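*Asks:* predicted coordinates and the sequence they were generated for:
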Amino acid sequence: MEKKSVLSQKQNELKGHMAAYRALPEYILDGISALLQYVINPKTAKARAKFLPVDVAEQYLEAFPSFWLSGSIIALFTFLIGWLVSYFTAYQLTDNELKLMLWSSFTGALALIVNKVNIRTFLNTFRRSCVDRMLRASDIEELNSWLEKNFRIWLPLLSGLVVGPLLGRILYNSWLAAQTDPTMFHIGPYITIVLSCIQAVWVAYYLYPFYVAFPTRLNQYRFDLYAYDPSSSEVIGQLSRLLTFILYATIAYIVQLTVGLTYIGVLNTADPLPIIIFSVFVWAPTVVLYAAGQFQLSNVITFAKWKALNEVQSKIEELYGSTKMPDKATLEHIEKLMNYHDRIKNTPNSALDFRTGLNFLNSLLFPILAFFLKDVTSFIANITGN
């Protein structure tokens, strides 16, 4: 009883911490929302003891301004900084530069929003469905320590300020190369792109721990699964939906990124090298990460299945060894256990139906592959002169 009490206490502590964790993009979006609330609804804002609501998941029940509004303000602010710099330097922005600035401002703010949605989905899934199913206090302590380390603010902040300007320069140079005058360089559009890239790097910082490293940690934890068909357990279903949701949200953003880079001329058939790089380093890892996450879930299911199978096998061996010549009742009991063993063994090892997963990957990979091959063919034709 004391052990269950300790486990329950650890579970409640972890859920409390999960309610308060914020990634850096969330601090930015929620900070702007809090400022808006002080302007729009100062009574509600002042009634709160802290500047930001403690429970992030429940803050929108308090008439807290939407993160979509905050994201729109960030996009507008990012665009206006570049536009004002151009205005005060007496530079007339071209239509292409305006398109570049509008797209990059929108894309940077959208990256913050996608990150917030994914992080909230991640934390809420564990907080509401998975933590109570964790069986070991040591697992809960380890997960809590891991989350605390990965929600530190200074590392993503510093990485964005260092890598963002470098990424912005690469993107701006790629855009310049597609222009009629590739030698032109203007500080206004460049500043907007750099600010957007800083936001994107802040978001990218969370990709590795939460979407790459964490799925590989799943098989380290012990969950309370339905022993006779682990793949049908609520925890497995919730984790599978979590991985699928994050994939869909990420792909939606990448599609927007692909269309936008094509629209502003960075991705084009005249120079397919950026397309090849984009496919290899953006599209391909996204699919691989999803497959890796499902593989780790499969490991969790397989572990639980073998635990149940080993228990049934031990009972069968115990019955066989209980007497030199089993009687009819014992043989019938053994036969039922063997049938039961086979039923457990034949349950799925994955949270996904194989055909459904295959159809999904086909629908995702074939258009990418066709797009990739078309531009490789164009690239080869340009080199050979055919």
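*Replies:* Now that the structure is in, tell me what you want to look at.

*Asks:* how about residues contacting the host helix or strand of Ile344?
*Replies:* Using DSSP states H and E, Ile344 maps to helix 328-345. Applying CB atoms under 8 Å, 6 or more residues apart in numbering, the contact partners of helix 328-345 are 227-229, 305, 308-309, 312-313, 315-316, 319-320, 322-323, 326. Placement of C-beta: from N, CA and C, glycine included.

*Asks:* go through the longest helix seen in the chain and flag the buried ones.
*Replies:* Determined from DSSP state H, the single longest helix within the chain is helix 284-321. Buried residues in helix 284-321, counted by 16 or more other CB atoms under 10 Å: 286-287, 289-290, 292-294, 296-298, 300-301, 304-305, 308-309, 312, 316.

*Asks:* counting contacts, what elements does the host helix or strand of Ser105 pack onto?
*Replies:* Counting by DSSP H and E, the element that carries Ser105 is helix 95-125. Where contact means 3 or more CB pairs under 8 Å, 6 or more residues apart in numbering; DSSP states H and E, helix 95-125 is packed against helix 24-40, helix 67-88, helix 187-204, helix 234-263.

*Asks:* mind checking the ones you listed for the one nearest to Asp139?
*Replies:* Minimum separation from Asp139 across the helices and strands packed on helix 95-125 (CB to CB) falls at helix 234-263, 12.7 Å.

*Asks:* relative to helix 187-204, how tilted is that closest one?
*Replies:* On the basis of axes from the mean of the first three to the mean of the last three CA atoms, to 10 degrees, helix 234-263 is oriented at 160 degrees to helix 187-204.

*Asks:* re the thing from before, off-centre distance for the helix holding Ser105?
*Replies:* 13 Å (CA atoms, centre = their mean, to the nearest Å).

*Asks:* ditto for stretch 309-329
*Replies:* 48 Å.

*Asks:* render the CA-only coordinates of that stretch in CSV, please.
*Replies:* C-alpha atoms of stretch 309-329 as CSV (Å, rounded to 0.1, in the frame of the first residue of the first chain):
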residue,chain,number,x,y,z
LEU,A,309,3.3,-15.4,-22.8
ASN,A,310,6.0,-16.3,-20.4
GLU,A,311,3.5,-16.4,-17.5
VAL,A,312,1.2,-18.7,-19.5
GLN,A,313,4.2,-20.9,-20.5
SER,A,314,5.3,-21.2,-16.9
LYS,A,315,1.8,-22.4,-15.9
ILE,A,316,1.7,-24.9,-18.7
GLU,A,317,5.2,-26.3,-17.7
GLU,A,318,4.1,-26.4,-14.1
LEU,A,319,1.0,-28.5,-15.0
TYR,A,320,3.1,-30.8,-17.1
GLY,A,321,5.6,-31.3,-14.3
SER,A,322,3.0,-31.7,-11.6
THR,A,323,2.5,-35.4,-12.4
LYS,A,324,4.2,-38.1,-14.5
MET,A,325,0.9,-38.9,-16.4
PRO,A,326,-1.5,-35.9,-16.6
ASP,A,327,-5.1,-36.9,-16.2
LYS,A,328,-7.9,-35.8,-18.5
ALA,A,329,-8.8,-32.7,-16.5
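
*Asks:* list the residues that contact Ala111.
*Replies:* Shown in contact with Ala111 (CB under 8 Å, 6+ apart): 25, 199-200, 202-203, 253.

*Asks:* so how many other residues sit close to Val54?
*Replies:* Using other CB atoms under 10 Å, Val54 has 12 other residues around it.

*Asks:* next one, pLDDT for it please.
*Replies:* For Val54, the pLDDT comes out at 83.

*Asks:* next one: the one 10 residues further on
*Replies:* At Phe64, the predicted lDDT confidence score is 84.

*Asks:* make sure it is indeed in a helix.
*Replies:* No: if the criterion is DSSP: H, G, I helix; E, B strand; the rest coil, then Phe64 is coil and not within a helix.

*Asks:* doesn't Leu52 make contact with it?
*Replies:* No: Phe64 lies out of contact with Leu52 (CB atoms under 8 Å); the separation is 9.2 Å.

*Asks:* of these two, which one has the most company?
*Replies:* Neighbours per residue, other CB under 10 Å: of Phe64 and Leu52, the larger number sits with Phe64, 21 against 16.

*Asks:* still on that earlier bit, and the contacts of Ala111, which two are furthest apart?
*Replies:* Between any two of these (CB to CB), the greatest distance is 14.1 Å, for Trp202 and Tyr253.

*Asks:* higher neighbour count, the two?
*Replies:* Legend: neighbour count by other CB under 10 Å for Trp202 and Tyr253, higher for Trp202 (26 against 20).

*Asks:* what helix or strand does the closest residue to that one other than its chain neighbours sit in?
*Replies:* In space, and not counting its chain neighbours, Trp202 is closest to Gly160: 4.3 Å by CB to CB, 6 or more residues apart in numbering. Assigned by DSSP H and E, Gly160 belongs to helix 154-177.

*Asks:* how about residues contacting that helix?
*Replies:* With CB under 8 Å, 6+ apart, helix 154-177 has contacts from 23-24, 100, 104, 182-185, 189-190, 193-202, 205-206, 264-266, 271, 274.

*Asks:* give me the number of residues near the closest residue to Leu123 other than its chain neighbours?
*Replies:* Excluding its sequence neighbours, the residue lying closest to Leu123 (CB to CB, 6+ apart) is Met18, at 4.8 Å. Residues lying near Met18 (other CB under 10 Å) number 23.

*Asks:* can you pull the contacts of Met18?
*Replies:* So Met18 contacts 123, 126-127, 131, 147 (CB under 8 Å, 6+ apart).

*Asks:* would you mind listing which of those are buried?
*Replies:* For the contacts of Met18, buried by 16+ other CB under 10 Å: 123, 126-127, 131, 147.

*Asks:* let's have the residues you listed in JSON lines, adding distance to Ser8 and pLDDT.
*Replies:* Below are the buried ones among the contacts of Met18 laid out as JSON lines (distance: CB to CB, whole Å; pLDDT from 0 to 100):
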{"residue": "Leu123", "distance to Ser8": "20", "pLDDT": "91"}
{"residue": "Phe126", "distance to Ser8": "16", "pLDDT": "87"}
{"residue": "Arg127", "distance to Ser8": "15", "pLDDT": "88"}
{"residue": "Val131", "distance to Ser8": "10", "pLDDT": "89"}
{"residue": "Leu147", "distance to Ser8": "19", "pLDDT": "91"}
